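Visitor: everything below, folded, please.
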Amino acid sequence: HQQGQEPDASQGPKTTMASLLRASRQLPTIHMRALIPSLASHRREFSAVSSARSRSRNADRLIRATRKWLEDVVIGQRLCPFAPPVLSEPHKLRIVASNASNEDVLVEELTAEAGLIVGKLGECEATGSSDRRRRPETTLLVLDTALFPEMSTFRTLVQASWRLQSDSIHARGFESDLQIVLFHPEATHNTYAAHAGEEDAGDFTIRSPYPTIHLLREVDVMSAVKSGYKDLEGLPGRNRTRLREEGVEVCRERLDACQKT
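Guide: Numbering: from 1, shown residues only. Below you'll find the model as predicted:
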């Protein structure tokens, strides 16, 4: 500055304040941009954990309902005289909640479960275990219709069972080892008959809380046949007759109660 002339205070401070103001406006933007990837990552992690917990809760719900159905309906109503010994020994019975949302995944799941029973795939092979006593003797694969809504109808499950029989049983060489038995909340003995008239309480002999695929060993079927159980062939008919005497309402309430555990 020239001597005797005071500096122009209007230039410096205004320039400094403007620079600071511009910088302060940029700071939040810079920080938020840096945080966006981190926040997105946390959201994905939270979503994955939440989804896993939800699947676990659903699986527990399906398994509890199925076990209660076995206890209160299958055994409680004496529908199968060979069920109590299997249920009383935990390693003999395997109840699995399916994660399938399509037939391809369902085939993979059933193939693995079939191999586990026979001893050619699954946990026995993975652990190197050859102890036949620890293998499951029978498996119930329970489908979640929230994941696989097509299985809400019994007819669709029956149609899917043709592929399951072909790809999971016959293609693996298990046809002499295993059978597939189906249960469903809407199961009927006359699957393809025209739905006319009143609901038949006798159909509750093959109804379960959720769509269920039962893997049954052929050796156990033959053992039951040779067991000497009186009039085994007439058992399904007697079961239907007894449930018809109880009526549809009683049978439905009993089945619905299995889902309220």
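
Visitor: strands of this protein, residue ranges please.
Guide: Using DSSP state E, the strands of the chain run over 93-97, 138-142, 178-183, 212-217.

Visitor: could I get those as a markdown table with distance to S152, mean neighbour count and mean pLDDT?
Guide: Backbone N, C-alpha and C define where each C-beta goes, glycine included. Shown next, in a markdown table, are the strands of the chain (distance: least, C-beta to C-beta, whole Å; neighbours: other C-beta atoms under 10 Å; pLDDT from 0 to 100):
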| stretch | distance to S152 | mean neighbour count | mean pLDDT |
| --- | --- | --- | --- |
| strand 93-97 | 16 | 19 | 97 |
| strand 138-142 | 14 | 23 | 97 |
| strand 178-183 | 14 | 18 | 97 |
| strand 212-217 | 13 | 21 | 97 |
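
Visitor: dump these to a markdown table, plus distance to K260.
Guide: Formatted as a markdown table, those follow (distance: least, C-beta to C-beta, whole Å):
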| stretch | distance to K260 |
| --- | --- |
| strand 93-97 | 18 |
| strand 138-142 | 16 |
| strand 178-183 | 19 |
| strand 212-217 | 18 |
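
Visitor: for the residue lying closest to S208 once chain neighbours are set aside, give the beta-bridge partners.
Guide: Residue nearest to S208 in three dimensions, not counting chain neighbours: F183, with 3.7 Å by C-beta to C-beta, 6 or more residues apart in numbering. Taking DSSP bridges as the rule, F183 bridges to T212.

Visitor: before we move on, the earlier item: out of the strands of the chain, which gets nearest to Q259?
Guide: strand 138-142 (11.8 Å; C-beta to C-beta).

Visitor: how big is the angle separating the closest one from strand 212-217?
Guide: Counting by axes from the mean of the first three to the mean of the last three C-alpha atoms, to 10 degrees, strand 138-142 lies at 160 degrees to strand 212-217.

Visitor: what number of residues lie near E103?
Guide: 17 (other C-beta atoms under 10 Å).

Visitor: what's near enough to touch the residue lying closest to F174 once chain neighbours are set aside?
Guide: Closest residue to F174 apart from its sequence neighbours, by C-beta to C-beta, 6+ apart: A114 at 5.3 Å. By C-beta atoms under 8 Å, 6 or more residues apart in numbering, A114 lies in contact with 121, 168-169, 172, 174, 177-178, 215.

Visitor: let me have the residues you listed in CSV, extended by distance to R207.
Guide: Listed next are the contacts of A114 as CSV, based on distance: C-beta to C-beta, whole Å:
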residue, distance to R207
L121, 30
S168, 23
I169, 24
R172, 29
F174, 27
D177, 27
L178, 23
L215, 19
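
Visitor: ok, and the most crowded of those residues?
Guide: In those, the most neighbours by other C-beta under 10 Å go to L215, 27 neighbours.

Visitor: who does the residue nearest to that one when sequence neighbours are not counted form a beta bridge with?
Guide: Residue nearest to L215 in three dimensions, not counting chain neighbours: T139, with 4.3 Å by C-beta to C-beta, 6+ apart. Going by DSSP bridges, T139 is paired in beta bridges with R94, L215.
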